[in-house]
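In: Here is a sequence together with a model predicted from it:
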Amino acid sequence: MTLREVAASAWEHVPAAEATLDVRDSFAFEAQSGPLGQVLENLFANAVDHVGETVTITVGSLGGDADAPTGFYVADDGSGIAPEDRAAVFEPGHTSDDHGTGLGLAIVEQFVESQGWHVTVVGSADWGARFEIHGVESV
């Protein structure tokens, strides 16, 4: 499977007609496609819920070079997550939305770790929240 294929498939399940998905690059890697699709769907839905229906979500590879990426990221163009709140977003039940369950990002972390990967959330002035998944081996 490729990052582009899984992202496109997950995007089909995100109810946000005005949102935009931008897959910058792609690479092939091994993972359980169903759970990985759920991970991306959760990250996409989280961006829509917290940024709004007109969010732009960017997906791309991390590290290495074009022939040997070491992971991928999912970023949005919102206001980001404050540094002091970043660790808590993966805790089950943590939510900043009155209608949220606080399970979406906990599920993301659980699947990522089951694959032997690692997920972090970062931010900068150039983009909002950026979830980075490290330790993914290309094939």
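Out: Now that the structure is in, tell me what you want to look at. Note that this is a predicted model, so its numbers are computed, not measured. Numbering: from 1, shown residues only.

In: Which other helices and strands does the worst-scoring helix or strand of the chain on mean pLDDT contact?
Out: Ranked by mean pLDDT, DSSP states H and E, the helix or strand of the chain with the weakest confidence is strand 118-124, at a mean of 87. Contacts defined by 3 or more C-beta pairs under 8 Å, 6 or more residues apart in numbering; DSSP states H and E place strand 118-124 against helix 104-114, strand 127-134. In short, each C-beta sits where N, CA and C put it, glycine included.

In: Relative to residue 84, which of those is closest?
Out: Among the helices and strands packed on strand 118-124, strand 127-134 comes nearest to residue 84, with 14.1 Å by C-beta to C-beta.

In: After whichever helix in the chain runs longest, which helix or strand is next? Please name it.
Out: The single longest helix within the chain, with elements called by DSSP state H, is helix 33-51. Downstream of helix 33-51, the first helix or strand assigned by DSSP states H and E is strand 56-62.

In: Let me see the mean pLDDT of that following strand.
Out: Over the span of strand 56-62, the pLDDT mean works out to 95.

In: who touches the helix or strand just after that strand?
Out: Going down the chain from strand 56-62, the next helix or strand is strand 71-76, by DSSP H and E. For strand 71-76, contacts defined as C-beta atoms under 8 Å, 6 or more residues apart in numbering pick out 3, 27, 40, 43-44, 47, 50-51, 55-63, 117, 127-136.

In: Just the buried ones among those, please.
Out: 3, 27, 40, 43-44, 47, 50-51, 55-61, 117, 127-133, 136 (16 or more other C-beta atoms under 10 Å).

In: which intervals of the protein have sub-threshold pLDDT?
Out: 66, 93-102, 124-126 (pLDDT under 70).

In: and the gap between the closest residue in space to residue 13 that isn't next to it in sequence and residue 113?
Out: In this structure, residue 13 finds its nearest non-sequential neighbour in residue 41, 5.2 Å apart by C-beta to C-beta, 6 or more residues apart in numbering. Counting by C-beta to C-beta, to the nearest Å, the gap from residue 41 to residue 113 is 18 Å.
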